[in-house]
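**Q** Predicted model and sequence below, questions to follow.
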Amino acid sequence: VGISVGNIYGFSGEITPYTDPTHCIDNEYFDFHLLKCVTCDESKHLKPTKNRLSCICNSRSKIVQLGTGQFAECEVCPDDEVPTLDKRDCVPCLQQQQYENNTVCVPCNHSQITVDRNYNGNLSEIAQCVNCSTGTIPSSNGKLCEPCLYNCTCPSTTHEYVGGVCVPQSFLSSWPENYIMQYESGEKIESEFLRKNLRLSVYLCKQKNMTACQLVANMCALVMYHDNYPSSPCRLFQDSKHIPTSDSNILPWLYYGEGDAQTVLTRRKISAKYSMDINSPGSDRSQWQLTRRFFMIDTVSGVKVASVSNKQVEESPSVIRYMKSCVLRVKVRGREEGRIYPPLLILKYGEVNQQDIDDNVELSVSFKVEYEMENSMSHSIEVSMGVLSGLAVVWTGIETWSWSRRSGRVGIDLITLAQLMVFACGNLANVFFFVVACASFHMFTFYKGQSVVHVLLSTHQQDVVIRNYIIAAFSLKIVEIIYMISRQVSIDIFFIDWERPRARSSTIHPQSQALPENTEQPVSIWRTYFVANEWNEIQAKRKTSLIFQLLVTVFFLKVVGIENWAVADPDLHTSTPEYMNDSPPSLICRFAVGLCVFLTVYLVQWIFFMAIYERYIKNFIQEFADICSMANVSVFILALENFGFYIHGRSAHGFADTDMQTMLGQLQREEEDLCGHRGLLPGSDQQTFQMAIPMQLRSYYRKVMAPLSSRLSMAGAGGLRNKMMSGNMDRSIQAYHNMNKFLAAFLEHALKDLDYDVREKTFVESLLDIEFTEIFEKGILYSDSGHSFDNVLFYGNEFTLVTFDIILFSFVEILFHDFLLAAVVTAFCAQILVIIRKVGGKRNLAKKTLIDERFLV
């Protein structure tokens, strides 16, 4: 007879609502095979037992046949008779009384038992209080005489007593007597529990004894479902590894079909809806073997026989197995609100021997509920990473192309490839962090506040992916930061002094003989020192305050309690709820919350500094350009071989080395527009430019500045006097004056073979930060926004620095799960970068400009 697939999978026994014997109504019993309440058949004169676990003959019926089916066959007694106590016959009572509309016998006193049979087992004419007859066994309560369970006689030639039951020897020979329990530790013991119960329970189960079948199923779970040896209790279920097709199967359901794991775990038979409102595995599932029975602790199978010869039994188990880990994995249906797939329970067992018990070894037990659903986060991260990384590589190529043009390199060499890798590190770090930040924000935003399940938090595997991307982003960002600082502390910089001698002097120079009377008064160096110190002061300035940033961030996270938003609960809390005390916070939620607070504080601070502080209070970059104009000093910066920045500081009044009254008068004339403009071009105020210089200028610059580059540092007063007396100092000073005159002449268009044009960058050039024009004999000065020279300062690299701060903050937090520690480490590392930048920049400034480092404060 064929059974259709639809009938198999349509059987509702696989998924049942939870119930127990207390839920059964008057005429129902709890079927522990089906795990539901079933009605006792009244037409067969059955009623539930007191414990609601089976059906027995009702008070007016006797047992006609017992042991051939699930329940006894019953027959109603005549009206003037009642069933005997053993329910096998009907007999009149000596003393009768009415109870619950039925005629029942009056019970005997405490020293008697009521019997309704003679000593030989025949029925008495009436029920009497007598001793139990032969072939019967007194009950434990002393009220009934019960016959033998199956047979009162056991032929010794063909049968054998096993646990008080007469079992055919033919069955015993088919089930070997082997009761060895093997544990994961390698220890093997002969189990007293299996020796006492296994073969008897298997025999009774084959006789359709349901209780015995359940016991065999429990023993199968105790041996961890191993059925690869002849005496395994799981052999009884070898032919039942499938979903039951009807209620008539006497064997408990232990196994799903082989290869059915994927099908079973994706069925939609659970109709109940689950809500997150308080008012209302990474392997091949086709290879899984799902089971339906487990145990919490096993203290019976580990009791071994002390002596095989006399079958003595030890009092305590040699090995105890316990449930070490229990994970309930619930998978939510993605498109069906509030519905789930069949849950999966994943168990791990541990073992304890007697020595561990004597040593009072502490054991750890864990229970965890994991929720998962099919979501596209992992796929979205992979796709986003692929697309944005591709764009980052393209942008890296553009940056490298611009760098090679500005550096005067015509081909691809190892240095160009190294520069390509540096640019790639910075861009990929930004991409990695941006993608995981967006994914975390998305998951956090949609998870919090939902009343019906639409989004679940990330799984452990997804958390590992996000963690690894943050670690990778931090590692790559370090490379970008190191390159940025090393580039800034190695730039070529020169201060062009436009001041000219205006009077004669009789100043005596100690290093030479007396000068003639017509010697011009030397130009004061203090204006250049002043500009150099201002430059030194702004080298490590940033657009925002990191200390303020971190203090406010930690205040909101720790004091206000916003970090508690990260608990794995759909609601937002500023303190951890009691029911979540034992649940660890979500990694992705902590990352999202910390990043959200950090960015919010930063944006508020940035808007304040850009829109209010720098506009109405103090702008360090603009003030530096103004100071250059007041000091009559220009700044010539070469960041790369053929590219740099120029700050035009030539005074509109022609001189700046004067007294206070004259200087105030100059400022007043500028306010009243009674003098020329500060800009490089006549009638303009444009003071800052990007420069693309020809190779000839760079060659001459390198040739003239060679003495300055080889100059030794002035370590003390004695060394200073010695250098002033040496010829090297005279040559260095002469080189400085030559470079000053050369650059001044170049900027005044006074050199025949070297000149420049001033122009605006095209939109594409500004967008890509590149210059398309080839530079041969003429350089080009590109008008900028007024502060392009901050590219060689911390101020102009705010994006790189703030992304480093955020990535470092997140990196420390995901490793140690402590926002306060993350803030402390971030502040410490940022301060180290500032110190390195200040020290390195100060030394480079002294080296490249002939300014003694002692005059830089």
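**A** That came in fine, so what should we check first?
**Q** was I right about residue 792 contacting residue 490?
**A** No: using CB atoms under 8 Å, residue 792 is not in contact with residue 490; the gap is 9.9 Å. The C-beta positions use only the backbone N, C-alpha and C, and glycine is treated the same way.
**Q** higher neighbour count, these two?
**A** More crowded of residue 792 and residue 490, by other CB atoms under 10 Å: residue 792, with 23 against 14.
**Q** Enumerate every residue touching residue 75.
**A** 45, 61-62, 64 (CB atoms under 8 Å, 6 or more residues apart in numbering).
**Q** try 6 Å this time
**A** Residue 75 sits next to 61-62, 64 when contact means CB atoms under 6 Å, 6 or more residues apart in numbering.
**Q** Mind giving me the PyMOL select for the residues you listed, buried ones only?
**A** Restricted to buried positions by 16 or more other CB atoms under 10 Å, the PyMOL selection for these reads:
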select buried, resi 61+62
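**Q** Tabulate the contacts of residue 75 in TSV, adding columns for distance to residue 536, secondary structure and pLDDT.
**A** Formatted as TSV, the contacts of residue 75 follow (distance: CB to CB, whole Å; DSSP: H, G, I helix; E, B strand; the rest coil; pLDDT from 0 to 100):
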residue	distance to residue 536	secondary structure	pLDDT
61	109	strand	89
62	112	strand	89
64	111	strand	88
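**Q** Just put the contacts of residue 75 in TSV and tack on distance to residue 779.
**A** Output for the contacts of residue 75, formatted as TSV (distance: CB to CB, whole Å):
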residue	distance to residue 779
61	117
62	120
64	118
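**Q** Out of the contacts of residue 75, flag the one nearest to residue 168.
**A** Distance to residue 168 across the contacts of residue 75 (CB to CB) is lowest for residue 64, with 25.3 Å.
**Q** Now the closest one. Nearest residue, chain neighbours left out?
**A** Using CB to CB, 6 or more residues apart in numbering and skipping the chain neighbours, the partner closest in space to residue 64 is residue 73 (4.3 Å).
**Q** List phi and psi for that neighbour.
**A** Dihedral angles of residue 73 (phi, psi; degrees, to the nearest 10) stand at phi -90, psi 130.
**Q** Quick check: it touching residue 61?
**A** No: taking contacts as CB atoms under 6 Å, residue 73 lies outside contact range of residue 61: 9.6 Å.
**Q** so where do the helices sit in the stretch 551-700 of the chain?
**A** Secondary structure of the stretch 551-700 of the chain by DSSP state H, counting those that start in this stretch: the helices cover 587-608, 620-631, 660-671, 695-709.
**Q** Show me what the second one is packed against.
**A** Using 3 or more CB pairs under 6 Å, 6 or more residues apart in numbering; DSSP states H and E as the contact test, the elements touching helix 620-631 are helix 526-538.
**Q** Mind checking the pLDDT average for the helix it packs on?
**A** When pLDDT is averaged along helix 526-538, the result is 92.
**Q** can you offset everything so residue one is 3?
**A** Shifting the count to begin at 3 puts that one at helix 528-540.
**Q** Report the buried residues of that helix.
**A** Those would be 529-538, 540, for helix 528-540 by 16+ other CB under 10 Å.
**Q** Any idea how far stretch 777-787 is from the middle of the chain?
**A** 50 Å (CA atoms, centre = their mean, to the nearest Å).
**Q** Now the terminal residues of it, how far apart.
**A** Taking CA to CA, to the nearest Å, stretch 777-787 runs 22 Å from one end to the other.
**Q** Need the contact partners of that stretch.
**A** By CB under 6 Å, 6+ apart, stretch 777-787 touches 688, 690-696, 757-760, 762-763.
**Q** In this structure residue 478 contacts residue 431, no?
**A** Yes: counting by CB under 6 Å, residue 478 touches residue 431, with 3.7 Å between them.
**Q** So if I had to pick from these two, which one is more boxed in?
**A** Between residue 478 and residue 431, counted using other CB under 10 Å, the more crowded position is residue 431 (26 against 21).
**Q** so who does the more buried one touch?
**A** Contacts here follow CB under 6 Å, 6+ apart; on that basis residue 431 touches 475, 478-479.
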